[in-house]
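> sequence and computational prediction follow.
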Amino acid sequence: MKHKRGFAIIEIIIMAGIIGLLSATLALPAYMEHMESARARTCAANRRSIEHAEQMFLLDREEHSENIQQLVDEGYLDRAPVCPSGGAYAWEPAGDIGYHSTCGCSEHGIGIQGDDLTPLGSTFGQISTGFSDLITAYNDTYGKYPPGNWKKSLTALGLVVNDWKKDIEGIKYRPSGKNLKIQPGKGYTFTVNDASGAQVPAKQSKTLVYSTTKETWYYGKAQKGREINIDSLLVSK
């Protein structure tokens, strides 16, 4: 009676290597797209910080700064922001006046595009994805997550705190370490369902948390058993 020969160890290793290579090849485009999206959003946040610093300089001095470096030298910026894609920042002339008020990037264009409410967009999907990309990019760059304090976290991510103190369409965004927390603005309430479809009690839905490492939304805290269906979120006034 003949016995079928099993796979030799070397064959298994080769097959595992081929499968790993194919998986990496398929995942690479998505990873690169994710990273470029994160870099673009970081750049947009940088430009918004520069523009805000210029506005403060103008209010104080009643004249425009000579260049971005002067904003750093005079204390209006902690440091000169750097485009993560290697782009160069420059002021865009404001019409025929010639004064700069909008910061452009050679790689990513000019300021906040269109009628966006924030540097990360206007809708919940755009803003929450933007925060996720920034937090992930920060960890990829520095090997750690932003501070747990939401104001310090905003600053670390290159965003202006004053832009995020109030709610955006009824939602307050509060980045914290590896997570993004959202809370209802004054006079608003959240209604959301858990993973099973049951409505989460009002008291427990006052804070919703997105874990960038688990890529999952939770109510209260990022803890197993607290998963929610974020698509069911309703913001009511």
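Nice, thanks for sending it over.
> where does pLDDT dip in the chain?
1-8, 11-12, 20-34, 93-101, 110-116 (pLDDT under 70).
> tell me the domain boundaries of it?
8-113, 114-237 (automatic domain parsing).
> please render those domains as CSV that adds mean neighbour count to the earlier fields.
For every residue, glycine as well, the C-beta is placed using N, CA and C. CSV is the format used below for those (neighbours: other Cβ atoms under 10 Å):
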stretch, mean neighbour count
domain 8-113, 15
domain 114-237, 17
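> who does the longest strand along the chain pair up with?
Counting by DSSP state E, the longest strand found in the chain is strand 228-236. With DSSP bridges as the test, strand 228-236 is paired with strand 189-194 (antiparallel).
> next SSE after the partner strand?
strand 208-211 (DSSP states H and E).
> chain center to that following strand, what's the gap?
Centre-to-centre, strand 208-211 and its host chain are 13 Å apart (Cα atoms, centre = their mean, to the nearest Å).
> cool, and stretch 209-224?
16 Å.
> what's the first-to-last distance across it?
Length of stretch 209-224, first residue to last, Cα to Cα, to the nearest Å: 12 Å.
> what are the ranges of the helices in this structure?
According to DSSP state H, the chain carries its helices in the segments 9-61, 68-73, 124-142, 150-156.
> need the ones you listed in TSV (columns: distance to Glu107).
Listed next are the helices of the chain as TSV, based on distance: least, Cβ to Cβ, whole Å:
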stretch	distance to Glu107
helix 9-61	7
helix 68-73	16
helix 124-142	15
helix 150-156	22
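> Val160 against His52, yeah?
Yes. The pair Val160 and His52 passes the contact test of Cβ atoms under 8 Å, sitting 4.8 Å apart.
> please compute how far the longest strand of the chain lies from its chain's middle.
Worked out by Cα atoms, centre = their mean, strand 228-236 lies 20 Å from the chain centre.
> same question for stretch 79-97.
Going by Cα atoms, centre = their mean, the spacing between the C-alpha centre of stretch 79-97 and its chain's C-alpha centre is 20 Å.
> please apply the same query to stretch 131-141.
7 Å.
> go on, stretch 65-80?
On Cα atoms, centre = their mean, the centre of stretch 65-80 falls 24 Å from that of its chain.
> what's the answer for stretch 175-187, then?
13 Å.
> and for stretch 161-174?
14 Å.
> list of residues touching that stretch?
Residues outside stretch 161-174 that contact it (Cβ atoms under 8 Å, 6 or more residues apart in numbering): 48, 52, 117-119, 122-124, 127-128, 131, 150-151, 154-155, 180-186, 188, 235-237.
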